[in-house]
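**Student:** Sequence and predicted model, in that order:
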Amino acid sequence: MRIDIITCLPGMFGGFLDESIMKRAREKNIMEIHVHNLRDYTNNRHRQVDDYAYGGGAGMVLMIEPIVNCLRKLQHERSYDEVIYLSPDGELFVQQTANELSMKKNLILLSGHYKGVDERVRTHFITREISIGDYVLSGGELPAAVVTDALVRLLPGALGDETSALSDSYQDGLVAPPAYTRPEIFEGIKVPDVLLSGHAANIEKWRFEKAVERTEQRRPDLLKGK
Ligand code: SAM
């Protein structure tokens, strides 16, 4: 899988791409990630990528030209399954979206900034818009990182144990059961006996019951219609 991220702040991706699962996935060629600096695609001699909004009002808007220059260059090189704009009014990003997108080959993620992008980018060049939640961030860089992280961990070989992502919250309509590690007793607080029993079927049954119990308590909406 390949993800191309378009941003006016490429430096924001440095640490994120060089750590943990993301780093390993890139080293193992499970995922290719390319970050493109919008300023490299402007004809403006000051490398300006934003301008005042027509009609006035506070806040700058990312200009259409550098964005389309970058999109056209990428689309000339390969075809993309989706050109995604990260936007607070897009479809809500949920695990099902991540599962679906992780099956794609090539994706473009466009990060907005300031007041966002010129509307003509959205109406003519974007195939999908995704929000990571009902709140407004300063830019689309963190949302692009969130989407990328959620996808990469679903790709075969990205996690140490291939089955791990499948037992995470939301994959089976439940939230995950509690997890424990050593020591068995910490300041008198014990790990549940069943997890120390070595009895695989009982452990699985306990985990399922805890997942249901926890879902009832925290996310009863997930159980509606079941
Ligand atoms: N004027 C826009 C509005 O009110 O909807 C907000 C623009 S926001 C300050 C700047 C950029 O951050 C957006 O263009 C988008 O790319 C990104 N962004 C902010 N919040 C986001 C969210 N919840 N999900 C996805 N992207 C978001």
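**Tutor:** That came in fine, so what should we check first? Residues are numbered from 1 along each chain as shown.

**Student:** anything in stretch 36-51 sitting right up against the ligand?
**Tutor:** No: using CB under 6 Å from any ligand atom, stretch 36-51 stays clear of the ligand, coming no nearer than 11.0 Å. For the C-beta atoms, the positions are set from N, CA and C on the backbone; glycine is no exception.

**Student:** Off-centre distance for that stretch?
**Tutor:** 26 Å (CA atoms, centre = their mean, to the nearest Å).

**Student:** what residues does it touch?
**Tutor:** In this structure, residues lying in contact with stretch 36-51 by CB atoms under 8 Å, 6 or more residues apart in numbering are 4-8, 10, 60-63, 65-67, 69-70, 73-74, 113-114.

**Student:** repeat that for 6 Å
**Tutor:** Contact with stretch 36-51 is made by I6, C8, P10, M60, L62, M63, P66, N69, C70, Y114, as judged by CB atoms under 6 Å, 6 or more residues apart in numbering.

**Student:** before we move on, what about stretch 138-154?
**Tutor:** With CB under 6 Å, 6+ apart, stretch 138-154 has contacts from 3, 5, 7, 9, 12, 16, 21, 25, 31, 86, 98, 101-102, 109, 111-113, 132, 158-159, 165.

**Student:** What subset of the contacts of stretch 36-51 is buried?
**Tutor:** With neighbours counted using 16 or more other CB atoms under 10 Å, the contacts of stretch 36-51 contain these buried positions: I6, C8, P10, L62, M63, P66, C70, Y114.

**Student:** and these, which of them are in helices?
**Tutor:** P66, C70 (DSSP state H).

**Student:** which of the buried ones among the contacts of stretch 36-51 come close to the ligand?
**Tutor:** Filtering the buried ones among the contacts of stretch 36-51 for neighbours of the ligand using CB under 6 Å from any ligand atom leaves an empty set.

**Student:** what pLDDT does whatever residue of the chain ends up closest to the ligand get?
**Tutor:** When you check the chain against the ligand by CB to the nearest ligand atom, the closest residue turns out to be G112, at 2.1 Å. At G112, the model reports a pLDDT of 98.

**Student:** can I see the domain layout of this protein?
**Tutor:** According to automatic domain parsing, the chain is divided into the following domains: 2-152, 173-223.

**Student:** Same question for stretch 34-53: list its buried residues.
**Tutor:** Along stretch 34-53, the positions that meet the burial threshold by neighbour count (16+ other CB under 10 Å) are V35, H36, N37, L38, R39, Y41, T42, V49, D50.
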